[in-house]
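Q: fold the following.
(chains A and B)
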Amino acid sequence: AQKVTQAQTEISVVEKEDVTLDCVYETRDTTYYLFWYKQPPSGELVFLIRRNSFDEQNEISGRYSWNFQKSTSSFNFTITASQVVDSAVYFCALALSGYALNFGKGTSLLVTP
Amino acid sequence: DVKVTQSSRYLVKRTGEKVFLECVQDMDHENMFWYRQDPGLGLRLIYFSYDVKMKEKGDIPEGYSVSREKKERFSLILESASTNQTSMYLCASSLGTGRLETQYFGPGTRLLVL
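A: Numbers count the residues shown, from 1 in each chain, chains lettered A, B, ... in the order given. Sure, this is the predicted structure:
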């Protein structure tokens, strides 16, 4: 069975701090996709990144970066110099060859001024 | 940009009522999905559809049905609403070209069943 674990339920940081959100996944498949979504207080899930299992290159997009390590089955997300607008719930998700996404339970990030 | 819209942001219904939640996407996507989101449980898949008139059960289909008469529209139906169906409902769509595509989500509908 496939599973996604986001062990951090809530994180609180002060603006400008760096913060890393952890995501650990379980699957026996060799082909899979990993995603991160952001859910601000408005409720809509916003797609951030998608990574397939054959591409272990880390990715950086502005203040956001992702570290994919198959050896530890992790796909961690780092926000550098956090801002108040980063406050949201962040979900990691795993997809196999079918249609469904398996979501972690989410990490609620609060960035205070 | 992909646009997924849901008919209501907030809805209040009474136990036993028939409830329709509508979702429309404007990107000609093949696949559409309904999830519910509850505190501590994350997002759980209710139903999805990979083509017009086609549907598949997700993890928690009990108490729900769906309808997809047109490609752009996917409806979630609560035949007889119950208080344990109070939740946030999220619709999503994805391109569907024979391989898994990114799912894009609508703004959600917060349903309260009294």
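Q: got the CA positions of stretch A:90-102 in PDB?
A: Taking Å, rounded to 0.1, in the frame of the first residue of the first chain, the C-alpha atoms of stretch A:90-102 are listed here in PDB:
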ATOM      1  CA  TYR A  90       0.900  22.400   2.800                       C
ATOM      2  CA  PHE A  91       0.200  19.000   1.400                       C
ATOM      3  CA  CYS A  92       2.500  16.400   0.000                       C
ATOM      4  CA  ALA A  93       0.900  13.800  -2.300                       C
ATOM      5  CA  LEU A  94       1.900  10.600  -4.100                       C
ATOM      6  CA  ALA A  95       0.500   9.200  -7.300                       C
ATOM      7  CA  LEU A  96       1.100   5.900  -9.000                       C
ATOM      8  CA  SER A  97       0.100   4.800 -12.500                       C
ATOM      9  CA  GLY A  98      -3.600   5.200 -11.800                       C
ATOM     10  CA  TYR A  99      -5.600   8.300 -11.300                       C
ATOM     11  CA  ALA A 100      -5.800   8.900  -7.600                       C
ATOM     12  CA  LEU A 101      -3.600  11.100  -5.500                       C
ATOM     13  CA  ASN A 102      -2.700   9.900  -2.000                       C
END
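Q: who's in contact with that stretch?
A: A:2-4, A:6, A:21, A:23, A:25, A:27, A:29, A:31-39, A:45, A:75, A:77, A:103-104, A:106-107, A:109, B:31, B:33, B:42-43, B:45, B:48, B:50, B:56, B:58-59, B:94, B:100, B:103 (CB atoms under 8 Å, 6 or more residues apart in numbering or on different chains). C-beta here means a position set from N, CA and C on the backbone, and glycine is covered the same way.
Q: so the most centrally placed residue in chain B bridges to which residues?
A: Computing the C-alpha centroid of chain B and ranking residues by CA atoms, centre = their mean puts B:W34 first, at 2.7 Å. With DSSP bridges applied, B:W34 shows beta-bridge pairing to B:Y47, B:C91.
Q: the one 4 residues further on now?
A: Counting by DSSP bridges, B:D38 is bridged to B:G42.
Q: residues in contact with stretch B:85-94?
A: By CB under 8 Å, 6+ apart, stretch B:85-94 touches A:43, A:45, A:99, B:2, B:4, B:6, B:21, B:23, B:25, B:27, B:29-38, B:43, B:63, B:74, B:76, B:78, B:100-106, B:108-113.
Q: okay, and which of these map to helices?
A: In helices, judged by DSSP state H, none of those are found.
Q: who in chain A is up against chain B?
A: Proximity of chain A to chain B is confined to A:33, A:35, A:37, A:42-47, A:50, A:91, A:95-101, A:103-106 under the rule CB under 8 Å from any CB of the partner chain.
Q: low-confidence stretches in the chain?
A: Using chain A. A:1-2, A:97-98 (pLDDT under 70).
Q: let me rephrase: I mean chain B.
A: Of all residues in chain B, those with pLDDT under 70 make up the ranges B:1-2, B:97-100.
Q: one more pass at 80, please.
A: B:1-2, B:96-101 (pLDDT under 80).
Q: circling back: list only those of the residues of chain A next to chain B flagged as buried.
A: When the residues of chain A next to chain B are checked for burial by 16 or more other CB atoms under 10 Å in any protein chain shown, the buried set is A:33, A:35, A:37, A:43-45, A:47, A:50, A:91, A:95-96, A:99-101, A:103-106.
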